[in-house]
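Colleague: Return atomic coordinates for the entry below.
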Amino acid sequence: MMITKTLFQTLTQLFLAAAAAVLTITPVHAGQVGTCKQMFGKRSSEKTTLIFVADNGTYSGTDEGIFVKANLKNIKNWTSFDFSCTGGAQSGLLMGQKVMIITTGIGPMQAAVCVQYVMLQCPNQYKEAFFMGTAGFPSTFGGILNPQKSCTETNIYRNSSQIVRLGDLCISVFAANWDCRLADWSQQAKGYPNVCSAPEETFGPTADFLYGKCLFTSPPKKSMALAAELATAARSASMKASMPPRIKALAPYETQYWKYVEEGTGVTYDVYPENDTTTNVWDHTQCVEVDSQFFFSGAPWEYETRNFTAITLNQGFNTDTYQSDAVMYSNAMEAIGFSQVMEAFTLKAGPKKAIPYTVMRSASDYSVQPLRYLGGGNWTYYDLPSDNVDGYAQAIVSYSNAFLTLFKTRCEFMSMSGSICKFKVDTAILP
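Modeller: All right, here's what the predicted structure looks like:
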């Protein structure tokens with residue numbers, strides 16, 4: 001049977017109606033009032049910051065919330081969250097400020113279930129929401145290869161501030177679903193075995209009629225300000241001063257990776273020395289989280305991810321100026337689930353009562369292997385297995401330090417006691 005666009009639209013409308021029923025936002029029930037009072041005390045002007053992470057260490061061996069939890073005071077555990085949020089929840093004071101850190105569990109659906117459950121509890125008590133975690137990144141801002149422009153030259157971004165090291169940061173307010181494409185094998189594998197090729201699809205991520213919403217570009221305006229505040233903290237001298245030395249066990253992998261890149265491209269890349277703790281930060285005007293439950297690696301898909309990023313930024317900022325050769329992305333799983341729920345609450349609450357939110361990811365691995373030029377516009381790659389233990393640990397150190405720097409800055413602005421406005425990212429506690 002041939003499936004027409006009209007039929008796709010009809011099926012999609014039915015699907016969205018069902019999804020809307022699941023995501024209907026309901027007020028807190030009378031029976032929940034006691035729970036809210038227990039969690040947050042009496043209503044006050046000081047609301048609670050929500051911090052979401054996905055992995056309690058099941059995948060990489062390190063709890064993604066390890067350093068935030070290590071700096072919490074007056075900790076309370078909330079077992080009532082365990083059913084919907086598989087890693088549980090803790091509340092406490094972080095440098096004198098009320099927070100709750102929730103481990104959602106891995107994957108977009110699990111993130112959505114958990115975030116919706118949390119948001120339905122006591123929404124009037126929440127100040128803001130952060131989702132933080134590890135992710136795959138390209139090798140450089142704008143990528144090394146751009147097949148729709150040239151397969152005989154590499155991209156121009158080669159200095160240290162444009163090169164991705166593990167631990168670098170993407171702070172975003174938009175999210176995209178990488179899986180949203182209608183394509184056959186010949187389209188996706190076009191150009192094989194030359195990895196300087198651009199996958200094609202019949203429909204891309206803007207085809208809402210086909211698979212529902214794939215681009216999440218409607219955060220409240222307050223989210224832009226929150227993301228900018230976080231980026232400022234992450235780029236600050238205070239952030240760099242508090243960064244621990246880079247994880248030594250990661251050095252052999254990173255050194256070999258960039259040795260292969262330079263050898264394979266014939267180009268010199270100005271990578272920071274291993275003893276330099278500088279963290280590159282790409283903010284919400286440059287970077288998008290593009291999610292998939294397919295752990296991909298390869299230049300064609302890396303290029304496609306940058307293409308999705310440009311599409312998302314153009315839609316989010318209502319422009320057409322973004323192109324795939326001048327953007328950054330993080331590739332994880334949970335932001336699309338998180339963003340879908342937060343956008344639903346924004347729509348329900350309205351702009352004044354909407355809760356600002358942002359996503360921060362740190363590079364734990366590369367989504368493209370080191371590339372090697374064969375001549376005649378043809379490319380292949382070196383086989384270099386990722387370091388999924390030390391890379392993830394370095395990423396967790398970096399985004400934790402950035403987030404804690406933000407709270408230190410706020411603490412000092414509120415003129416709290418100097419002894420309160422302190423934190424430590426102690427890598428000695430890593431598994």
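
Colleague: Test for you: state the pLDDT assigned to His106.
Modeller: Careful, residue 106 is Ile; it's not His. pLDDT, the model's per-residue confidence, is 96 for Ile106.

Colleague: What about it, how many residues nearby?
Modeller: Ile106 is surrounded by 21 other residues when neighbours are defined as other CB atoms under 10 Å. Every C-beta, even on glycine, is put in place using the N, C-alpha and C of the backbone.

Colleague: Could you do Leu430 as well?
Modeller: 17.

Colleague: what's the closest non-adjacent residue to it?
Modeller: Spatial nearest neighbour of Leu430, chain neighbours left out: Ala393 (5.4 Å); criterion: CB to CB, 6 or more residues apart in numbering.

Colleague: What of Gln148?
Modeller: Distance criterion CB to CB, 6+ apart; nearest residue to Gln148, sequence neighbours excluded, is Ala198 at 5.4 Å.

Colleague: Which residue ranges of this protein form strands?
Modeller: In chain order, the chain shows strands spanning 48-53, 73-77, 89-94, 97-103, 126-137, 169-172, 175-177, 215-216, 281-282, 287-291, 328-330, 357-366, 371-375, 378-381, with DSSP state E as the criterion.

Colleague: Include distance to Val115, mean pLDDT and mean neighbour count when you put those strands into JSON lines, please.
Modeller: Output for those, formatted as JSON lines (distance: least, CB to CB, whole Å; pLDDT from 0 to 100; neighbours: other CB atoms under 10 Å):
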{"stretch": "strand 48-53", "distance to Val115": "6", "mean pLDDT": "97", "mean neighbour count": "23"}
{"stretch": "strand 73-77", "distance to Val115": "19", "mean pLDDT": "94", "mean neighbour count": "11"}
{"stretch": "strand 89-94", "distance to Val115": "12", "mean pLDDT": "95", "mean neighbour count": "21"}
{"stretch": "strand 97-103", "distance to Val115": "8", "mean pLDDT": "96", "mean neighbour count": "23"}
{"stretch": "strand 126-137", "distance to Val115": "8", "mean pLDDT": "97", "mean neighbour count": "25"}
{"stretch": "strand 169-172", "distance to Val115": "16", "mean pLDDT": "98", "mean neighbour count": "30"}
{"stretch": "strand 175-177", "distance to Val115": "13", "mean pLDDT": "98", "mean neighbour count": "28"}
{"stretch": "strand 215-216", "distance to Val115": "13", "mean pLDDT": "98", "mean neighbour count": "25"}
{"stretch": "strand 281-282", "distance to Val115": "24", "mean pLDDT": "98", "mean neighbour count": "24"}
{"stretch": "strand 287-291", "distance to Val115": "14", "mean pLDDT": "98", "mean neighbour count": "30"}
{"stretch": "strand 328-330", "distance to Val115": "18", "mean pLDDT": "98", "mean neighbour count": "30"}
{"stretch": "strand 357-366", "distance to Val115": "9", "mean pLDDT": "98", "mean neighbour count": "27"}
{"stretch": "strand 371-375", "distance to Val115": "37", "mean pLDDT": "97", "mean neighbour count": "16"}
{"stretch": "strand 378-381", "distance to Val115": "37", "mean pLDDT": "97", "mean neighbour count": "18"}
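
Colleague: Those into TSV, with extra columns for distance to Thr268?
Modeller: Written out in TSV, the entries for those read as follows (distance: least, CB to CB, whole Å):
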stretch	distance to Thr268
strand 48-53	37
strand 73-77	48
strand 89-94	43
strand 97-103	42
strand 126-137	21
strand 169-172	25
strand 175-177	33
strand 215-216	37
strand 281-282	22
strand 287-291	25
strand 328-330	21
strand 357-366	19
strand 371-375	15
strand 378-381	18
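
Colleague: I'd like to know which of these is closest to Glu64.
Modeller: Minimum separation from Glu64 across the strands of the chain (CB to CB) falls at strand 48-53, 3.8 Å.

Colleague: so that closest one versus strand 126-137, what angle?
Modeller: On the basis of axes from the mean of the first three to the mean of the last three CA atoms, to 10 degrees, strand 48-53 is oriented at 20 degrees to strand 126-137.

Colleague: Which strands border strand 48-53, and is each parallel or antiparallel?
Modeller: Strand 48-53 has these partner strands in its sheet, going by DSSP bridges: strand 97-103 (parallel), strand 126-137 (parallel).

Colleague: Now the ones you listed in TSV, please, with extra columns for distance to Gln286.
Modeller: Output for the strands paired with strand 48-53, formatted as TSV (distance: least, CB to CB, whole Å):
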stretch	distance to Gln286
strand 97-103	27
strand 126-137	12
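
Colleague: what about the helices in the stretch 51-200 of the chain?
Modeller: Per DSSP state H, counting those that start in this stretch, the stretch 51-200 of the chain has helices spanning 66-70, 108-121, 185-188. These are given in chain order.

Colleague: Any idea which of these gets closest to Ala54?
Modeller: helix 108-121 (6.4 Å).

Colleague: Direction-wise, compare that closest one with strand 357-366 and give the angle.
Modeller: Using the same axes, to 10 degrees: helix 108-121 against strand 357-366 is 160 degrees.

Colleague: Identify the residues contacting helix 108-121?
Modeller: Around helix 108-121, the neighbours that count as contacts under CB atoms under 8 Å, 6 or more residues apart in numbering are 23, 25-26, 28, 32, 35-36, 39, 50, 52, 54, 81, 84-86, 89, 100, 102, 104-105, 126, 129, 131, 291, 293, 333-338, 340-342, 345, 355.

Colleague: what about Gln144, distance to Thr232?
Modeller: Heads up, residue 144 is Ile, not Gln. In this structure, Ile144 and Thr232 are separated by 29 Å, where distance is defined by CB to CB, to the nearest Å.

Colleague: same question, Val368
Modeller: As for Val368, its distance to Thr232 is 30 Å (criterion: CB to CB).

Colleague: Likewise for Thr48?
Modeller: 22 Å.

Colleague: With Tyr382 instead?
Modeller: Taken as CB to CB, the span from Tyr382 to Thr232 is 37 Å.

Colleague: for Trp258, same thing?
Modeller: Separation of Trp258 from Thr232 (CB to CB): 29 Å.
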